[in-house]
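*Asks:* Predicted model follows, preceded by the sequence.
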Amino acid sequence: MTSHTLEISAEVTPNPNTLKFNVNRVLIAEGSLNFTDKEKAKGSALPEKLFEVPSVLGVMVGRNFITVTKNPEAGWNALVEPVTKVIRSILESDHILFPQGAPAAAAAGDISEIEQKIRAILDNEIRPAVAMDGGDITFYGYDNGVVTLHLQGSCSSCPSSVMTLKMGVENRLKALIPEVREVVQI
């Protein structure tokens, strides 16, 4: 019976306004769902309820974690307990968490060989590392040597996000794919 007990642990991220709440459940099979405001959360029980907690500004859901971003003026001491209670309440209920599901990836036949390489590096190396800090990276496109990405979760407003993007992601992609000249965030 203990394997069914819901475990939730809060973990700091490089972004002081974001905490990563790890859970011992699979929330979505792959990718991430990013809810940047109350309107985008409508119909999805977990983020909808989290936005009811005062000072919650953003919610991102990964495979087995929820990243919560707070108002910079708010303190985590007052937020961890209500956020944890909401997560526990929803995950222990019979709510359908995300009726719309995770965003579908483009079919491999729809993208170039370079884009396939970029996606493979992002999915196999970079996204797992970024997820450890409570974030995610979405690939938007590749055009004439420029890779366009979107940082989400703790990475979206993190003070070190530019370093992550330029020093980490850009350097890695350039090293493995000579055609890549630059990585930019949208």
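*Replies:* Great, that's in hand.
*Asks:* neighbours around residue 115, how many?
*Replies:* The criterion is other CB atoms under 10 Å. On that basis, residue 115 has 18 neighbouring residues. Where C-beta positions appear, they are placed from N, C-alpha and C, glycine not excepted.
*Asks:* State the three-state secondary structure for the closest residue to residue 91 other than its chain neighbours.
*Replies:* The shortest distance from residue 91 to any non-neighbouring residue, by CB to CB, 6 or more residues apart in numbering, is to residue 6 (5.6 Å). For residue 6, the reduced secondary structure class is coil; criterion used: DSSP: H, G, I helix; E, B strand; the rest coil.
*Asks:* Which SSE is immediately downstream of the helix of greatest length in the chain?
*Replies:* Taking residue count as the measure and DSSP state H as the definition, the longest helix of the chain comes out as helix 76-91. Counting by DSSP states H and E, the element after helix 76-91 in chain order, helix or strand, is helix 113-121.
*Asks:* Mind giving me the packing neighbours of that next one?
*Replies:* strand 135-143, helix 171-176 (3 or more CB pairs under 8 Å, 6 or more residues apart in numbering; DSSP states H and E).
*Asks:* Could you list the residues in contact with the first one?
*Replies:* Yep, that's strand 135-143 we're talking about. By CB atoms under 8 Å, 6 or more residues apart in numbering, the list of residues contacting strand 135-143 from outside reads 13, 31-32, 34, 60, 62, 67, 112, 114-115, 118-119, 122, 126-127, 130, 147-156, 158, 169, 180, 186.
*Asks:* mind listing what's buried in that strand?
*Replies:* For strand 135-143, burial by neighbour count (16 or more other CB atoms under 10 Å) applies to 135-139, 142.
*Asks:* next helix or strand past that strand?
*Replies:* The first helix or strand that comes after strand 135-143 along the chain, using DSSP H and E, is strand 146-153.
*Asks:* Need the mean per-residue confidence for that next one.
*Replies:* What strand 146-153 shows for mean pLDDT is 83.
*Asks:* got the angle between that strand and strand 135-143?
*Replies:* Orientation note: strand 146-153 sits at an angle of 160 degrees relative to strand 135-143 (axes from the mean of the first three to the mean of the last three CA atoms, to 10 degrees).
*Asks:* could you give the angle of strand 146-153 to helix 113-121?
*Replies:* Using the same axes, to 10 degrees, the inter-axis angle of strand 146-153 relative to helix 113-121 is 30 degrees.
*Asks:* can you put the helices and strands packed on helix 113-121 in JSON lines and add distance to residue 17 and mean pLDDT?
*Replies:* Converted to JSON lines, these look like this (distance: least, CB to CB, whole Å; pLDDT from 0 to 100):
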{"stretch": "strand 135-143", "distance to residue 17": "13", "mean pLDDT": "84"}
{"stretch": "helix 171-176", "distance to residue 17": "26", "mean pLDDT": "90"}
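*Asks:* that older thread, for the residue nearest to residue 91, grab the count of nearby residues.
*Replies:* Neighbours of residue 6 under the rule other CB under 10 Å: 11.
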